[in-house]
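Novice: Provided below for reference: sequence and predicted model.
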Amino acid sequence: MATIEVENLTKYYGDIRGVDGLSFTVDSGEVFGFLGPNGAGKTTAIRTLLGLLSPTSGSATVLGADIRNESELIEAKRRIGYLPDHLGFNEELTGTQILDYHASVKGENRRAELLELFTPPVDRAIRGYSSGNKRMLGIIQAFMHDPDLVVLDEPTSGLDPLKQERFNEFLREERDRGTTILFSSHILSEVRQICDRVGILRDGKLVELEEIETLLNRSGKRVRVQTTHDGREALAALDGVIDIYQFDDGMQFIYTGGYNTLFAELSKHDIQEADISEPPLEDIFLHYYGDESAPTAEVSSDV
């Protein structure tokens, strides 16, 4: 059963596109990754699904609630946890006071457990927090009422590597418990560790929707080889060879063809060294964004 169902969802700010024609589902117990650089439309989509923005057109349901029906969505939000990209905590309050407020609204049956795991200095005022401590406090408030769905917008921003790994392990455990997670990120290396499926956004449109392993398999292999000039020319002309980079007496490329064809061509030449590996997610991402320095900007920095 789908926890989130989205059909042709569109949000414009006047003439400026936020998201356009999004259609996808997020299954119960799934970790679904929203991928895209800043400005691609991730936060617009999330805020629209949570009822914080009104859609221009299209429809969506979250935990069975129509996002255009305020009373339905208010009831559904009791079962939703949300960690925004930009945390808006009152700087004068302590962490304990922040959590007390959220507990009064939605409950706190996992508060003690999460405080032991993420350890923000809750007795101190927020104005004295590092960005990492603010993020950990935000994680606790998002999960402490044991929601069925958690929406995370750039959740590891500000966390050091050890805390990031702790958080990633926690998300894997939450998935095993049956929690559904919508995970927005531009940090590609962490997405593979966490997400079951990913949707890649470009300029507000969904350009790919796939299981993470299938996406990697379809993206070919990275080949790095040292060989003769004639060998490099022959390999460059091979069907399925893209993104060629030449260096000294070698070359690197992405190969999307069949392995038997590649090995047959390699066997024709004097090969000093060869390495075939999975391409980094960053290279896969560039396949959808090319050499553009940035997609179309959105209305504000948190959109």
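Specialist: Perfect, I can see it now.
Novice: Confirm that Phe263 sits in a helix.
Specialist: Yes - counting by DSSP: H, G, I helix; E, B strand; the rest coil, Phe263 is found in a helix.
Novice: what about Asp66, distance to Tyr255?
Specialist: Asp66 is 47 Å from Tyr255, where distance means CB to CB, to the nearest Å. Glycine gets a C-beta too; all of them are placed from N, C-alpha and C.
Novice: ah, wrong one, I meant Asp123
Specialist: In terms of CB to CB, Asp123 sits 56 Å off from Tyr255.
Novice: Look at these two and report which has more neighbours.
Specialist: Tyr255 (21 against 8; other CB atoms under 10 Å).
Novice: who's in contact with the more buried one?
Specialist: Counting by CB atoms under 8 Å, 6 or more residues apart in numbering, Tyr255 makes contact with Gly220, Lys221, Arg222, Val223, Leu238, Gly240, Val241, Ile242, Leu262, Ile276.
Novice: how near is the nearest residue to the first one once chain neighbours are set aside to Arg218?
Specialist: Leaving aside its chain neighbours, Gly220 sits nearest to Thr256 (3.7 Å; criterion: CB to CB, 6 or more residues apart in numbering). For Thr256, the distance to Arg218 (CB to CB) stands at 8 Å.
Novice: repeat for Asp176
Specialist: On the measure of CB to CB, Asp176 and Arg218 end up 27 Å apart.
Novice: Compare neighbour counts for those two and give me the winner.
Specialist: The neighbour count for Asp176 versus Arg218, taken as other CB under 10 Å, is higher for Arg218 (12 against 9).
Novice: Could I get the pLDDT score of the closest residue to that one other than its chain neighbours?
Specialist: Leaving aside its sequence neighbours, Arg218 sits nearest to Glu210 (CB to CB, 6+ apart; 7.5 Å). Glu210 carries a pLDDT score of 84 in this model.
Novice: Name the helix or strand for Glu210, please.
Specialist: For Glu210, the enclosing helix or strand under DSSP states H and E is strand 205-211.
Novice: What strands flank that strand, and is each parallel or antiparallel?
Specialist: strand 197-202 (antiparallel) (DSSP bridges).
Novice: ok, and for the partner strand, which residues are buried?
Specialist: Buried residues in strand 197-202, counted by 16 or more other CB atoms under 10 Å: Arg197, Val198, Gly199, Ile200, Leu201, Arg202.
Novice: mind listing what the third one touches?
Specialist: Read that as Gly199. Phe24, Phe32, Gly33, Phe34, Leu35, Leu206, Glu208, Leu209.
Novice: ok, now Ala274?
Specialist: Taking CB under 8 Å, 6+ apart as the test, what Ala274 contacts is Val223, Arg224, Val225, Gln226, Leu266.
Novice: Show me what the first one bridges to in the sheet.
Specialist: I take that to be Val223. Beta-bridge partners, per DSSP bridges, of Val223: Phe253, Ile276.
Novice: count of neighbours near it?
Specialist: Counted with other CB under 10 Å, Val223 comes out at 20.
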